[in-house]
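> mind looking at a prediction? Sequence and model below.
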Amino acid sequence: MTLRVALMTSGPIGGSGVVLERLTRVPEVELVCLIVSETIVAKRSRKKMLQKIWKIGPLGALNGIRIRKWFGHDMRTDAREVAKAHGIPIVTVPRVNCDETVEALKHYAPDVGLSVGNSYIASRVFSVPVQGFVNFHGELLPEYPGAQSVVWPIYFGRTQSGYTIHRINKGIDTGDILYKRAVDIDFQPRLADTIRRTNDKVREELPEAFAALLADWDAHTAAATPQQAGRHFTTPTFWEYLRMERNNKRLWRESQR
């Protein structure tokens with residue numbers, strides 16, 4: 001049985017491109033459309049921004065801006081070019097959570113939607129495909145919902161990061177777990193290099209993870225693991241960040257023995 005799949009992204013260059021290219025070679029998958037949002041990230045309300053700054057402090061907020069570049073990538077594959085090469089319809093929408101997105105999903109009628117490089121997706125969007133939407137979270141669940149990759153395992157003194165593909169529901173990273181893999185953290189003397197090196201390892205597995213999930217979709221959905229409510233992670237406070245730096249140096253030294 002062929003699984004009808006729609007891929008939706010707010011960042012067509014990068015992870016979405018390599019995932020789409022890999023899925024063109026999965027015989028169990030029919031790619032029915034690529035949906036590209038013109039808005040990269042949904043704007044936060046002023047209230048939510050102030051609430052976050054209050055939670056992590058001004059130094060945490062400023063430091064969060066500084067470390068954001070550590071999570072970049074050099075993937076240059078454009079999902080739109082892949083779609084054109086394989087005759088996959090491309091739908092451009094002003095933003096993820098809009099009427100045009102809902103109309104496109106109803107028109108192409110995928111069994112399941114893939115979210116790669118999006119922010120929050122509303123229920124009126126993720127509920128359209130018969131089997132819903134799935135999302136790639138660049139950290140282990142249920143341990144680290146909402147977390148930036150790598151930093152929180154280091155905060156707790158752990159040596160593994162990883163990734164999870166889960167169903168999308170009304171929460172953030174709270175849907176049933178469908179596919180999960182641990183990845184050893186590649187410790188370096190500088191925390192920034194540890195994050196970059198480990199993120200690269202995780203991204204290398206991104207296309208194969210989606211391919212493995214979709215090629216054996218029924219088995220993975222039958223074995224889906226529900227998540228229990230727990231701590232939700234965000235940008236670290238400045239004091240939490242200092243602990244991450246200390247732990248990284250210690251764990252790097254231990255990895256050299």
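That came through, no problem.

> which SS state does Arg181 fall under?
Following DSSP: H, G, I helix; E, B strand; the rest coil, Arg181 is assigned to strand.

> and it, how many neighbours?
Using other CB atoms under 10 Å, Arg181 has 15 other residues around it. Bear in mind the C-beta positions are built from the backbone N, C-alpha and C, glycine included.

> mind checking how far it is from Arg4?
26 Å (CB to CB, to the nearest Å).

> list the buried residues of the helix or strand bottoming out on mean pLDDT in the chain.
Lowest by mean pLDDT, DSSP states H and E among the helices and strands of the chain is helix 46-67, with a mean of 80. Within helix 46-67, the residues that count as buried by 16 or more other CB atoms under 10 Å are 56-57, 60-61, 63-64, 67.

> just the helices in the stretch 151-257 of the chain please.
Along the stretch 151-257 of the chain, counting by DSSP state H, counting those that start in this stretch, helices occupy 151-155, 191-215, 217-222, 238-255.

> select, out of those helices, the one closest to Val18.
Proximity to Val18 (CB to CB) singles out helix 191-215 among those, at 4.9 Å.

> check which residues of that closest one are buried.
Taking 16+ other CB under 10 Å as the criterion, helix 191-215 shows 191, 194-196, 198-199, 201-203, 206-207, 209-211, 213-214 as buried.

> from those, pick the one nearest Ile177.
Leu213 (11.0 Å).

> so that closest one is in contact with Val134, correct?
Yes. When contacts are counted by CB atoms under 8 Å, Leu213 is listed as touching Val134 (7.4 Å).

> list the residues that contact both of the two?
Common neighbours of Leu213 and Val134, counting by CB atoms under 8 Å, 6 or more residues apart in numbering, are 165, 178.
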